[in-house]
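1. pasting the sequence and the predicted coordinates here, then a few questions.
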Amino acid sequence: MALSSVIRDLKLSLSFSWTSCAITALGAWILGLATLAVYRLYLSPLSKFPGPKLAALSKWYEAYYELVRIGKFSREIDRMHDVYGPIVRVTPYEVHIKDSQFYNGFYGYRDIEKHGWDVKIGNGNSILTTVHSDVHRRRRAALNPMFSRRSVMNLVPVIHDKLELLCKRFDEYVEGHKPINLTKAFPALTGDIMMEYFFGFTYSHVEAPGFLSFHEAYMGFISSSHIATQFPWFLPLMDSIPDSIVMRFFPLLASLIRLKQRAKAELTHPQDQWDLVGRSIKGQTTNESSRHTIIDQMLQSDLPPSDLTQQRITDEAQVIIAAGVETSSICLTVGTFHIVNTPHIFTRLHQELVQAFPPNNANRRYIPELIELEKLPYLKACIQEALRLSYGMSSRNPRVYAGRELRYKEWTIPAGTPVAMTVVDVCHDEAIFPDSHSFIPERWLGNPKTHDGESLEHYLITFGRGPRSCIGINVAMSEIAMTLGTMFRWYKFDLYESDITDVRYEHDWHLPVPRLDSLGLRLTMTKVDN
Ligand code: HEM
């Protein structure tokens, strides 16, 4: 009897102490949460900024819109501005400003730091994702020579050759009376151009049946950027998982997270970017031409050894190629849709091109010269409008003024606070771009000014502004002008089972993404005889 009652008493006292431990822990947790809530709502230096209390309380507010509603927090921020005015607190730590007049000055500051991209995109050593302004300056300076107008003119023959190949593919679709999917064709083109520019060879995506590209892999990757923002351990974890497992469970992410370019079985090229960079570092060139490439430029630069490791250069390769492939092809897709969808725009553009590039003696198609294309006002206006409605990126873009307070109107934002603005807000500022959702190239003609006397171009901020703005602008403008110039000089198009919802921004995955069940922009086409 004695032994069994001792055991019973012991069990009782053990269960009592477990229960009380659990209750104490729960109580401490609730107290901690309550203290945090009071701090965030009433004591934090950001508590004076307007905005929804829930957003100030927890990042789960953002998580709900990004993860459950799939990339809709940008839209929610827009709604907050309608309710609370031009400055709002959008998370416990961050404020957002919607004011087109403030954009250029805000991003133009020299020592601005860029927070969060290293977490959401990974590849933290690329210029796009580097946090600190001094490190970024050094890395960007080493790349600058490759992106000057002069260097890009050396790339023009490559763009020319790839367009020749694309036109051959167009002809196949014309002759076969088959619709072409430009959401697949454009990234194949821009991908081949970027691979040539970075490594000096291509995977011949334009020539592949049905067009291959990195597009689906990139989309798979950036769709995870919201997960990575909420759970910063996500990308490092993916990176630490063996290739075979990632390939099995995350076939699209695998190609980028594991530094591979073999997202699909069809892409089975024997090399990947990690190996390509490794070979280049050892002096075994990947360059199949005599052209100077971006990787040559990096290896010959005076960057310190820490910036020339295989990991660092691979990060750079992936980001530069991705940045070059997706943004340009989104702009081409958006521009093409609107030109084809609006007969008077197509007619005016086509006539301008026929006049500038008349039929030649042999009556053969030719790729228009970039220098001549750049003189055409209506083509330029169409490109500007395509840039405006493709946004470059759709997400907010936080910056930190390290060690310095930031003034916005009557507000003083504490030093070190992430402050963000959003390109889409400026592109749809009705005071600057009336009827902003419509594609109206005419708004750009004749050097127009806005109501505040600024040139309209001052507000075309699709390439960003300031020291972190797009380094690839000359490449992008050249390939877009040459592609649209060639297409609308020599072909006519009709939409095929496609409409505005195949190109219109619906989800913010950092890049603007249309409805998720879109099959892409599909067109039928005919050749122009002369
Ligand atoms: C229509 C085409 C393009 C658009 C709209 C675009 C847009 C942008 C924007 C908005 C940024 C700035 C991001 C920020 O402020 O944080 C950026 C940066 C960048 N872009 Fe582009 N881009 C385009 C084409 C290209 C091309 C063709 C390349 C490569 C050849 C490229 C390479 C880069 C790189 C490397 C950065 C990072 C620059 C830095 O942080 O110093 N982009 N781009």
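-> Now that the structure is in, tell me what you want to look at. Numbering: from 1, shown residues only.

2. contacts and neighbour counts: CA atoms only from here.
-> Noted.

3. can you list the residues of the protein near the ligand?
-> Counting by C-alpha under 6 Å from any ligand atom, the chain comes close to the ligand at 127-128, 140, 320, 323-324, 327-328, 331, 392-393, 462-464, 468-473, 475-476.

4. which of those are buried?
-> Burial by neighbour count, 16 or more other C-alpha atoms under 10 Å: within the residues of the chain next to the ligand this picks out 127-128, 140, 320, 323-324, 327-328, 331, 392-393, 462-464, 468, 470-473, 475-476.

5. those residues in strands, which ones?
-> Nothing among these maps onto strands, per DSSP state E.

6. poorly predicted segments of the chain, please.
-> 1-4, 6-7, 9-16, 239, 242-244, 246-272, 285-286, 362-363 (pLDDT under 70).

7. the residue lying closest to Gly278 once chain neighbours are set aside: neighbouring residues, count only.
-> Among residues not flanking Gly278 along the chain, Gln310 sits closest, at 5.9 Å (C-alpha to C-alpha, 6 or more residues apart in numbering). Residues contacting Gln310 under the criterion other C-alpha atoms under 10 Å number 19.

8. same deal with Phe199?
-> Phe199 has 24 nearby residues by other C-alpha under 10 Å.

9. was I right about it contacting Gln297?
-> No. Here Phe199 lies out of contact with Gln297, judged by C-alpha atoms under 8 Å, at a distance of 10.6 Å.

10. please enumerate the helices of the stretch 51-200 of the chain.
-> 53-57, 60-63, 73-84, 100-108, 117-121, 133-147, 149-175, 182-199 (DSSP state H, counting those that start in this stretch).

11. do the stretch 351-500 of the chain as well
-> Going by DSSP H, counting those that start in this stretch, the stretch 351-500 of the chain shows helices at 370-373, 377-390, 423-427, 473-490.

12. okay, which residue is most central for this protein?
-> When C-alpha atoms, centre = their mean is applied to the chain, the residue found nearest the centroid is Leu511 (4.3 Å).

13. skipping adjacent residues, who's closest to that one in space?
-> Per C-alpha to C-alpha, 6+ apart, closest to Leu511 is Met393, 4.6 Å.

14. repeat that for Glu196.
-> Counting by C-alpha to C-alpha, 6+ apart, the residue nearest Glu196 is Thr202, at 5.6 Å.

15. just checking, the one you found is part of a strand?
-> No. Secondary structure of Thr202 (DSSP: H, G, I helix; E, B strand; the rest coil): coil, not part of a strand.

16. list the contacts of the nearest residue to Ser395 once chain neighbours are set aside.
-> For Ser395, ignoring the flanking residues on the chain, the nearest one in space by C-alpha to C-alpha, 6+ apart is His510 at 4.7 Å. Each residue near His510 by C-alpha atoms under 8 Å, 6 or more residues apart in numbering is listed here: Ile222, Ser225, Met393, Ser394, Ser395.

17. can you tell me the closest non-neighbouring residue to Ile112?
-> Tyr401 (5.3 Å).

18. any idea how far the residue nearest to Gly278 lies from Ala317?
-> Look at Gln310 and Ala317: by C-alpha to C-alpha, to the nearest Å, they are 10 Å apart.

19. if we can go back for a sec, so the residue nearest to Glu196 sits right up against Ala188, yeah?
-> No. Using C-alpha under 8 Å, Thr202 makes no contact with Ala188, being 10.2 Å away.

20. report the buried residues of whichever strand or helix holds Met298.
-> Using DSSP states H and E, Met298 falls within helix 294-300. Residues Ile294, Ile295, Asp296, Gln297, Met298, Leu299 are the ones in helix 294-300 that count as buried (16+ other C-alpha under 10 Å).

21. so what's Asp302 up against?
-> Counting by C-alpha under 8 Å, 6+ apart, Asp302 touches Ala142.

22. hang on, it in a helix?
-> No. Assessed with three-state DSSP, Asp302 is coil; it does not lie in a helix.

23. what distance do you get for the residue in the stretch 51-200 of the chain positioned nearest to the ligand to Glu66?
-> Closest approach between the stretch 51-200 of the chain and the ligand, counting by C-alpha to the nearest ligand atom: Leu128, at 3.6 Å. From Leu128 across to Glu66, the span is 22 Å (C-alpha to C-alpha).

24. hmm, back to that, what does the residue nearest to Ser395 show for phi and psi?
-> phi 80, psi -50 (degrees, to the nearest 10).

25. separation between it and the ligand?
-> As for His510, its distance to the ligand is 10 Å (criterion: C-alpha to the nearest ligand atom, to the nearest Å).

26. check what contacts stretch 112-126 and list those residues.
-> Contact with stretch 112-126 is made by 128-133, 222, 225-229, 232, 235, 312-313, 315-316, 318-319, 398-402, 418, as judged by C-alpha under 8 Å, 6+ apart.

27. which of those residues are buried, as a PyMOL select command?
-> Only the buried entries of these go into this PyMOL selection, using 16+ other C-alpha under 10 Å:
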select buried, resi 128+129+130+131+133+222+225+226+227+228+229+232+235+312+313+315+316+318+319+398+399+400+401+402+418
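
28. toward the C-terminus, what is the element adjacent to the helix or strand Phe221 falls within?
-> Following DSSP H and E, one finds Phe221 within helix 215-222. Under the assignment DSSP H and E, the closest C-terminal helix or strand after helix 215-222 is helix 225-230.

29. what about that following helix, distance to the chain center?
-> 15 Å (C-alpha atoms, centre = their mean, to the nearest Å).

30. now do it: which elements does it pack against?
-> Contacting helix 225-230 under the criterion 3 or more C-alpha pairs under 8 Å, 6 or more residues apart in numbering; DSSP states H and E are the following elements: helix 117-121, helix 234-240.

31. I'm done for today, thanks for sticking with me.
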